[in-house]
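A.B. asks: Structure for the following, please:
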Amino acid sequence: MPGEQPIDRQFGDLSVTQLIVMAGLPGAGKSTIGEIVGARLGATVVSVDPIESAILRAGIDADEPTGLAAYLVAEEIARKELHAGRTVIVDAVNAGEAARLQWRDLATETEARLRVIEVVCSDESVHRSRLEKRERGLPHLEETTWRAVEQSLEGYAPWIGPCASLPRVTIDSVGTLGENVDAALAFIGS
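C.D. replies: Numbers count the residues shown, from 1 in each chain. Have a look, this model is predicted:
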């Protein structure tokens with residue numbers, strides 16, 4: 001279309017394999033932004049929640065560390081894709097330092113360029129409303145409640161120590177989806 005820039009000018013050097021990590025509380029909007037960014041970049045999106053749902057469907061007891069198992073499976077899928085030269089978006093809460101450093105170490109191992117996109121929702125009523133409307137279609141995972149978000153917030157580590165040095169942008173999903181996607185793409189291309 002007239003006025004459009006070639007794709008390499010819109011998104012920077014796409015020949016560089018990238019590991020893009022989404023982070024943020026449940027229902028903040030990271031999956032929506034991650035899926036759209038993934039489609040725009042032609043990236044593989046690896047989401048932890050469907051993996052955990054499949055682990056539970058296989059009969060693994062919910063009292064087992066299924067969340068940890070899902071992160072490890074996501075890491076292996078991402079590793080394979082990165083080694084094949086594909087850009088990967090990992091969609092997970094990434095609440096703690098161990099999870100965040102897991103992706104840093106994978107990026108180092110695979111020589112991928114790391115970008116972390118933390119998504120927050122500064123308006124509690126908007127955040128709650130999203131959770132109430134959300135239907136993820138994951139039969140073995142319950143839909144997230146506001147109480148679960150509050151509990152996640154309690155366990156959401158600050159970005160200090162080694163995590164503080166990760167290349168990260170924070171996007172407030174109260175803005176329009178278009179603005180948020182544009183901000184994420186601008187950061188990825190920077």
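
A.B. asks: Please count neighbours and contacts with C-alpha atoms only from this point.
C.D. replies: OK.

A.B. asks: show me where pLDDT drops low in the chain?
C.D. replies: 1-15, 136-138, 140-141, 143-146 (pLDDT under 70).

A.B. asks: now the strands for the chain?
C.D. replies: 18-23, 44-47, 88-91, 113-120, 168-172 (DSSP state E).

A.B. asks: got CSV for these, with mean neighbour count and distance to residue 31 too?
C.D. replies: Output for these, formatted as CSV (neighbours: other Cα atoms under 10 Å; distance: least, Cα to Cα, whole Å):
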stretch, mean neighbour count, distance to residue 31
strand 18-23, 26, 8
strand 44-47, 22, 8
strand 88-91, 26, 6
strand 113-120, 22, 9
strand 168-172, 18, 13
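
A.B. asks: Now tabulate the ones you listed in CSV and tack on distance to residue 187.
C.D. replies: Listed next are the strands of the chain as CSV, based on distance: least, Cα to Cα, whole Å:
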stretch, distance to residue 187
strand 18-23, 10
strand 44-47, 17
strand 88-91, 14
strand 113-120, 8
strand 168-172, 7
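
A.B. asks: if we compare these, which one ends up closest to residue 135?
C.D. replies: Closest of the strands of the chain to residue 135 is strand 44-47, at 15.4 Å (criterion: Cα to Cα).

A.B. asks: nearest to residue 157, of the strands of the chain?
C.D. replies: Where the strands of the chain are weighed against each other on Cα to Cα, the nearest is strand 18-23, at 11.3 Å.

A.B. asks: Could you please name the strands the closest one pairs with and the direction of each pair?
C.D. replies: Sheet pairing here is set by DSSP bridges, and for strand 18-23 it gives strand 88-91 (parallel), strand 113-120 (parallel).

A.B. asks: Next one: residue 134 from residue 27, what distance?
C.D. replies: Relative to residue 27, residue 134 is positioned 8 Å away (Cα to Cα, to the nearest Å).

A.B. asks: same deal with residue 105?
C.D. replies: Distance, residue 105 to residue 27, using Cα to Cα: 27 Å.

A.B. asks: So for those two, which sits in the more crowded spot?
C.D. replies: residue 27 (26 against 12; other Cα atoms under 10 Å).

A.B. asks: For whichever helix in the chain runs longest, buried residues please.
C.D. replies: Using DSSP state H to define each element, the chain has its longest helix at helix 66-83. Buried residues in helix 66-83, counted by 16 or more other Cα atoms under 10 Å: 66-67, 70-75, 77-79, 81-82.
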